[in-house]
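Novice: Structure here, sequence nowhere to be found:
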């Protein structure tokens with residue numbers, strides 16, 4: 001998210017974002033009135049993009065900054081993050097029909113409060129999971145969330161192109177464990193989650209879309225692979241063994257299925273670096289950490305979140321070197337939290353968790369082939385879903401540049417051999 005300058009004027013990190021006209025003073029006046037005690041009126045109202053191009057793909061994110069007058073005659077500045085649905089012209093087909101806002105609305109209204117309550121009842125008051133949500137609108141026209149602006153509390157993201165170093169990834173693994181443990185205990189107490197949390201993007205409805213996207217990107221992908229710094233015979237072997245679009249989709253559906261005999265949790269579902277925020281003590285040490293973006297939550301194996309986060313967001317120097325250590329860090333905090341919450345079912349051992357990571361290991365290649373290419377892209381004005389899915393020459397050129405991008409190439413040069421050694425490259 002962008003910062004507010006010292007002059008308190010909002011900085012717009014994306015001048016190309018077309019901010020919807022309905023995001024105005026009239027829309028926000030009742031929201032601010034409810035949120036701010038002794039609110040009288042809005043003096044200045046400024047909406048700007050909340051993120052730079054390439055930092056968010058599934059929704060429109062707007063930072064709203066308002067100078068307001070209070071009933072005692074004093075003034076103050078408030079700011080919020082508004083999140084709403086993409087317009088169809090912006091490549092919204094994949095996102096607007098996947099219950100993303102229904103999931104996130106229910107997470108803020110029901111499940112996050114449940115999880116926090118479980119910890120408080122267990123005597124733990126310092127667990128933070130998500131920002132405060134001050135307004136939810138679900139109407140035929142749109143679905144919209146208005147959240148507190150964490151920048152006001154000096155929260156920030158890490159540089160996604162550098163990734164998490166060990167102190168940050170330790171905190172993130174602990175945060176995932178806290179979230180997962182509460183979700184498992186909540187399931188034990190209250191029964192299954194809503195059916196919407198059983199769904200992800202790999203459904204038969206979207207088979208034609210995904211197969212088409214996968215197949216028409218292959219020529220540029222293989223062309224890019226031949227530029228990577230790997231032995232040529234290895235590259236040709238990887239290419240020869242690549243799945244077709246249909247095979248990849250079938251393998252993705254298979255790894256998405258839930259085995260109720262396994263330990264399962266509510267996954268964050270989009271656990272990459274931009275969806276974690278941190279603030280810091282004066283000595284530079286991490287103070288607080290928090291999740292943002294709860295649109296992709298899904299019931300299933302914690303291996304989903306773990307593979308996704310490590311592949312997309314661990315810094316290159318530790319991504320493979322510390323992989324097994326990451327699982328141990330997560331497991332230690334998971335066990336601790338499950339015991340705090342008095343979880344009554346079987347708690348997986350560290351060995352069992354490593355086995356689960358292999359069983360659902362195809363999440364690694366799925367994430368590397370798709371999401372990682374997006375998260376490795378430096379910020380540029382063309383970084384949007386429409387450009388990535390464009391089937392023409394312009395789209396081909398964009399995808400080739402995406403796959404030859406040095407940040408993606410360097411990551412894949414270590415991930416492909418790692419996946420092959422783990423026996424998970426094809427998901428067989």
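Specialist: It's in. Computed from a prediction, not measured in an experiment: that's the story for all the values here.

Novice: Which of the helices and strands in the protein ranks last by mean pLDDT?
Specialist: Least confident helix or strand of the chain, by mean pLDDT, DSSP states H and E, is helix 93-96 with a mean of 49.

Novice: Let's verify the residue nearest the centre of the chain: helix, strand, or coil?
Specialist: By Cα atoms, centre = their mean, the chain has its centre lying nearest to residue 270, at 2.9 Å. Under DSSP: H, G, I helix; E, B strand; the rest coil, the three-state class of residue 270 is coil.

Novice: right, and it touches residue 291 too?
Specialist: No: using Cβ atoms under 8 Å, residue 270 is not in contact with residue 291; the gap is 9.7 Å. C-beta coordinates here come from the backbone N, C-alpha and C atoms, glycine included.

Novice: how far away is the residue nearest to the centre of the chain from residue 313?
Specialist: Separation of residue 270 from residue 313 (Cβ to Cβ, to the nearest Å) stands at 11 Å.

Novice: quick one: the helices in the stretch 301-428 of the chain?
Specialist: Secondary structure of the stretch 301-428 of the chain by DSSP state H, counting those that start in this stretch: the helices cover 303-313, 323-340, 350-359, 363-369, 371-375, 385-389, 393-404, 406-422.

Novice: highest average neighbour count across the ones you listed?
Specialist: Burial of the helices of the stretch 301-428 of the chain is given as mean neighbour count (mean count of other Cβ atoms under 10 Å); helix 303-313 ranks first at a mean of 26.

Novice: orientation of that one relative to helix 350-359 in degrees?
Specialist: Interaxial angle of helix 303-313 relative to helix 350-359 (axes from the mean of the first three to the mean of the last three Cα atoms, to 10 degrees): 70 degrees.

Novice: Does helix 303-313 pack against any helices or strands, and if so which?
Specialist: helix 166-190, strand 265-267, helix 323-340, helix 350-359, helix 363-369, helix 371-375 (3 or more Cβ pairs under 8 Å, 6 or more residues apart in numbering; DSSP states H and E).

Novice: Can you redo those as JSON lines, where the extra columns are distance to residue 411 and mean pLDDT?
Specialist: JSON lines is the format used below for the helices and strands packed on helix 303-313 (distance: least, Cβ to Cβ, whole Å; pLDDT from 0 to 100):
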{"stretch": "helix 166-190", "distance to residue 411": "15", "mean pLDDT": "98"}
{"stretch": "strand 265-267", "distance to residue 411": "22", "mean pLDDT": "98"}
{"stretch": "helix 323-340", "distance to residue 411": "13", "mean pLDDT": "98"}
{"stretch": "helix 350-359", "distance to residue 411": "19", "mean pLDDT": "98"}
{"stretch": "helix 363-369", "distance to residue 411": "7", "mean pLDDT": "95"}
{"stretch": "helix 371-375", "distance to residue 411": "6", "mean pLDDT": "92"}
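
Novice: Put together TSV for the ones you listed, with distance to residue 147 on each row.
Specialist: Formatted as TSV, these follow (distance: least, Cβ to Cβ, whole Å):
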stretch	distance to residue 147
helix 166-190	17
strand 265-267	20
helix 323-340	25
helix 350-359	32
helix 363-369	26
helix 371-375	22
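
Novice: Which among those is found nearest to residue 243?
Specialist: Smallest distance to residue 243 across the helices and strands packed on helix 303-313 (Cβ to Cβ): 9.2 Å, for helix 363-369.

Novice: And the helices of the stretch 301-428 of the chain: which comes nearest residue 171?
Specialist: Each of these has some distance to residue 171 by Cβ to Cβ; the shortest is helix 323-340, at 9.8 Å.

Novice: So what's the gap between the closest one and the chain middle?
Specialist: On the basis of Cα atoms, centre = their mean, to the nearest Å, helix 323-340 sits 21 Å off its chain's mean C-alpha point.

Novice: other SSEs contacting it?
Specialist: helix 166-190, helix 303-313, helix 350-359.

Novice: Out of these, which is closest to residue 413?
Specialist: In terms of Cβ to Cβ, the element of the helices and strands packed on helix 323-340 nearest to residue 413 is helix 303-313, at 13.6 Å.

Novice: what comes into contact with that closest one?
Specialist: 160, 163-164, 169, 172-173, 176, 180, 265, 267-273, 298, 319, 323, 326-327, 330, 356-357, 359-361, 363-364, 367-368, 371-372, 375, 415 (Cβ atoms under 8 Å, 6 or more residues apart in numbering).

Novice: hang on, the earlier thing: give the closest residue to the residue nearest to the centre of the chain in space, chain neighbours not counted.
Specialist: Counting by Cβ to Cβ, 6 or more residues apart in numbering, the nearest residue to residue 270 once its immediate chain neighbours are dropped is residue 296, at 4.1 Å.

Novice: Also residue 119?
Specialist: Per Cβ to Cβ, 6+ apart, closest to residue 119 is residue 127, 4.5 Å.

Novice: My reading is that residue 42 lies in a strand. Confirm?
Specialist: Yes: assessed by three-state DSSP, residue 42 belongs to a strand.

Novice: residues in contact with it?
Specialist: Going by Cβ under 8 Å, 6+ apart, residue 42 touches 25, 28, 29, 32, 66, 67, 68, 69.

Novice: ok, so of those, who is nearest residue 85?
Specialist: Among the contacts of residue 42, residue 28 lies closest to residue 85 (Cβ to Cβ), at 18.0 Å.

Novice: Ignoring the adjacent residues along the chain, who's closest to the closest one?
Specialist: In this structure, residue 28 finds its nearest non-sequential neighbour in residue 64, 6.1 Å apart by Cβ to Cβ, 6+ apart.

Novice: what do you get for residue 425?
Specialist: According to Cβ to Cβ, 6+ apart, the nearest residue to residue 425 is residue 419 (4.4 Å).
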